[in-house]
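Participant: give me coordinates for this.
(chains A and B)
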Amino acid sequence: MKLIRYTYIRLFSLMFMLFILWGALFYISMMDEVMDETDDRLLNNKGLVVHRMLQQPERLLTADTLSDNYRISRISEQEGLNHRDSFYDTKIYIQIENEYEPMRVYKSSFKDNSGQFYEIELYLSTIERDNVIEDILFYLIILFVVMLGITLVGMRLVLKRTFRPLYKLLDWLNSVIPGREAPELNNETEIAEFKKLNDAAVNMQKRSRKAYEEQKDFIGNASHELQTPLAISLNKLDMLANSGELNEEQMNLLSQTFETLQRATRLNKSLLLLSQIQNEQFVQVSEQNLTQTIQRVLNDMLEVYSDKNIMAKIETESDFIHQMNDSLAVVLINNLLKNAIVHSSSNSLITITSHEKSLTISNEGQTALDNEKIFTRFYRAGNSKTKESTGLGLTIAKEIAQLSGLSLEYFYDGKHNFRLKK
Amino acid sequence: MRQQVIALILALGLLGTLTHYSVAGNNMSKNESRLPKNSQEFLKKHFPSEKISYVIVDKDGLQTTFEVMLTSGKEIEFYKNGEWKEIDAKKTAVPQTIIPANILKHVKDNFDNDVYVVQIEKKFWGIEVELSNKLEVEYTSGGKFLRYDN
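Facilitator: Prediction:
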């Protein structure tokens, strides 16, 4: 869940509940106030009516008469002493209007000078009260909806604005590629935490770039410096072999050492090439027909590995042509073809498919390779411990492809496929 | 959380209903006996010949007062502690024994002899007095004259 969404939902549910609570509280207190108003008026009316009755006791003799808004009746002392006041809502038939009208009734009692008890019922129409309550509820609901709507939109805008620098930083981090110059991060913000995050990200990027450069330089320098001692060693071994003073066993050992040293030289050359590619020392580009390059390289390659008796077939729909450095083009094709041949079993078939936008080299194989690791340095798939392999061939191929604006991908569909794509 | 909110709303509603119907608990014979002792003595002392018509226990929010209607029509309101709050003699004279001496003196000094106090009420800021000539006068709690109100 996105940060904005999460925060939004949390804040919104809190607001929603607070609004409901506030609305309920408001409604209850308003209701209470309005109801109280009616009851207070009834209490007040009782005071007035009773006062008038007490002033004119002769009117009490004609009690039991129903007036417009009150009714008085005599009750016994027993009833009077136990009488309880009560308020209640009822409907009373109004003859003139020929309809029932909602009324609030206050039933109470009092005593006159002579000790006679009376029950008094006072009526008050509640049409106005009910209207007021309806109005309050109506406006409360409207207010609730409007407030909620405004909060909803407002909160969303505020959150979006607030978190904008964070999303910009994330985009920038995604765009950073190790070993490449990072684009500038234009992420002005007033929020201290985001400022710190920006600075931290930029610093980290600079440090990692520096470390990357240093490592690259180290590999480049080391392989460069190793070239001469390796060449001298091979030269000296050659001289030793030609001196003719060695017995057969010694010659055998010498030849093994020679082979090992040659392997080391190849490895070193590959590392040097890799660092040269990464340093972008091959800048000149021209139009290269990779399909033709394959045809050229393939025959030599098959000859070198003729003992494996590998068949190759090229299916050309159209030539794969790309703007790139000519030396690198040869190295790329060389590495891919060599990889295919070296890792194929004897008497198997290699298929090359050429389209306008893609070039695929397939060789037979039993199990899929690890897509993640296959292009990393010195990775070798479990069973291939071939002498020929330096573990750098595919890494170099990948680097060349990237540098030349191609993509190199591996997929398995019963065969191992390496596909160059524009 | 949600359940708590609902419970709270229900509780508040209940509370509202309870305060709303508080007056409905009035019971004639009980109310007279619920009237504080000093209020009953006050009535005996200042209104010796009067009888009670009814007593209302008015619980208005946090404040409780006792409203007494006498059979003569006079209304007297007491605080919870039994002290008088308001005396409305309904156009007759409030017994002079109740009225603070300073106020009584001020009325005597400033009005004709036939002017008397018909209503006296304690407010939070002092005492309000209504005279038989319809004039309303305001005093401090100590009985010092404040202003005429009309």
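Participant: which of the helices or strands spans residue A:74?
Facilitator: strand A:70-75 (DSSP states H and E).
Participant: does that strand reach chain B?
Facilitator: No: legend: contact between strand A:70-75 and chain B by CB under 8 Å from any CB of the partner chain is lacking; minimum distance shown is 10.1 Å. Just so you know, the C-beta spots here come from the backbone N, C-alpha and C atoms, and that holds for glycine as well.
Participant: please state the offset of that strand from the chain centre?
Facilitator: Put simply, strand A:70-75 sits 77 Å off its chain's centre (CA atoms, centre = their mean, to the nearest Å).
Participant: buried stuff in the next helix or strand after that strand?
Facilitator: The C-terminal neighbour of strand A:70-75 among helices and strands, as given by DSSP H and E, is helix A:77-82. Neighbour-count burial for helix A:77-82 flags A:80-81 (criterion: 16 or more other CB atoms under 10 Å in any protein chain shown).
Participant: and helix A:77-82, what does it pack against?
Facilitator: Contacts defined by 3 or more CB pairs under 8 Å, 6 or more residues apart in numbering or on different chains; DSSP states H and E place helix A:77-82 against strand A:117-125, helix B:28-34.
Participant: swap in 10 Å and give it another go.
Facilitator: strand A:70-75, strand A:99-111, strand A:117-125, helix B:28-34 (3 or more CB pairs under 10 Å, 6 or more residues apart in numbering or on different chains; DSSP states H and E).
Participant: you'd agree residue A:312 is in a strand?
Facilitator: Yes: when classified by DSSP: H, G, I helix; E, B strand; the rest coil, residue A:312 is found to be part of a strand.
Participant: number of nearby residues for residue A:280?
Facilitator: Counted with other CB atoms under 10 Å in any protein chain shown, the burial measure for residue A:280 works out to 9 neighbours.
Participant: just checking, it touches residue A:402?
Facilitator: No: look at residue A:280 against residue A:402 with CB atoms under 10 Å: they stay out of range, at 11.0 Å.
Participant: just the helices in the chain please.
Facilitator: I went with chain A, as the question did not name one. For chain A, the helices defined by DSSP state H cover A:3-55, A:57-61, A:77-82, A:127-175, A:192-242, A:248-278, A:290-304, A:326-342, A:393-403.
Participant: other chain: chain B
Facilitator: B:2-20, B:28-34, B:37-46, B:101-110.
Participant: which of the ones you listed has the lowest average pLDDT?
Facilitator: Here the lowest mean pLDDT among those goes to helix B:2-20, at a mean of 60.
Participant: hang on, the earlier thing: how about the helices and strands packed on helix A:77-82 in a markdown table, adding distance to residue A:47 and mean neighbour count?
Facilitator: Formatted as a markdown table, the helices and strands packed on helix A:77-82 follow (distance: least, CB to CB, whole Å; neighbours: other CB atoms under 10 Å in any protein chain shown):
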| stretch | distance to residue A:47 | mean neighbour count |
| --- | --- | --- |
| strand A:70-75 | 12 | 17 |
| strand A:99-111 | 10 | 18 |
| strand A:117-125 | 10 | 19 |
| helix B:28-34 | 15 | 16 |
